[in-house]
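**Q** Below: sequence and its predicted model.
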Amino acid sequence: QVQLVESGGGLVQAGDALRLSCAASGSTFSENTMAWFRQAPGKEREFLAGISWGGGRSSSPSSMEGRFTISRDNAKNMVYLYIHSLKPEDTAAYYCAADRRAFSSLIYNRPDEYDDWGPGTQVTVVS
């Protein structure tokens, strides 16, 4: 099991950039695919980006317009999400998640494929 805690959210202006962090604990972190999701009130949880266990591959939906970049540092047990050109519609709770399947070659975009979740960090974008 991987314990996850997100940080870096807050109140930001439209057009700004933001980096979210996810601190992971647990011996298997470097074996796990990691991902970021977000959820706005009344909406389903939405996949933003995923990264393979070694960090060599990443995936993000085209609907994200290339504004979301995921990275990881296995030596520090950290995953990051860099967001640029923030918009008010980006306002949501942001979550990192871990897929416990060790050394998986796949990056899933469905929340039910992920086993461990952090409590989330709120991002509010004002215009």
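**A** Yep, that arrived. Residues are numbered from 1 along each chain as shown.
**Q** Specify the beta-bridge partners of the residue nearest in space to the middle of the chain.
**A** Residue closest to the average C-alpha location in the chain (C-alpha atoms, centre = their mean): residue 36, at 1.9 Å. Judged by DSSP bridges, the bridge partners of residue 36 are residue 49, residue 96.
**Q** What are the boundaries of the strands in the chain?
**A** Here the chain has its strands, by DSSP state E, at 3-7, 10-13, 18-25, 33-39, 46-51, 58-59, 68-73, 78-83, 92-99, 116-117, 121-126.
**Q** what angle sits between the fourth one and strand 46-51?
**A** Going back to what we said before, that points to strand 33-39. Comparing the axes of strand 33-39 and strand 46-51 via axes from the mean of the first three to the mean of the last three C-alpha atoms, to 10 degrees yields an angle of 160 degrees.
**Q** where's stretch 68-88 relative to the chain centroid, distance-wise?
**A** 7 Å (C-alpha atoms, centre = their mean, to the nearest Å).
**Q** Output that stretch as CSV - backbone C-alpha positions only.
**A** This file holds the C-alpha atoms of stretch 68-88, laid out as CSV (Å, rounded to 0.1, in the frame of the first residue of the first chain):
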residue,chain,number,x,y,z
PHE,A,68,-0.8,19.5,-17.5
THR,A,69,2.7,17.9,-17.1
ILE,A,70,3.3,15.1,-14.7
SER,A,71,6.8,14.1,-13.4
ARG,A,72,8.2,12.0,-10.6
ASP,A,73,11.3,11.7,-8.5
ASN,A,74,11.6,8.1,-7.2
ALA,A,75,14.6,9.0,-5.0
LYS,A,76,12.4,11.4,-3.1
ASN,A,77,9.1,9.5,-3.4
MET,A,78,7.4,12.5,-5.0
VAL,A,79,5.1,13.0,-7.9
TYR,A,80,4.4,16.5,-9.4
LEU,A,81,1.8,18.1,-11.6
TYR,A,82,2.7,21.3,-13.3
ILE,A,83,-0.3,23.3,-14.6
HIS,A,84,0.1,26.4,-16.7
SER,A,85,-2.4,28.9,-18.1
LEU,A,86,-4.9,28.2,-15.4
LYS,A,87,-8.6,28.8,-16.0
PRO,A,88,-11.5,29.3,-13.7
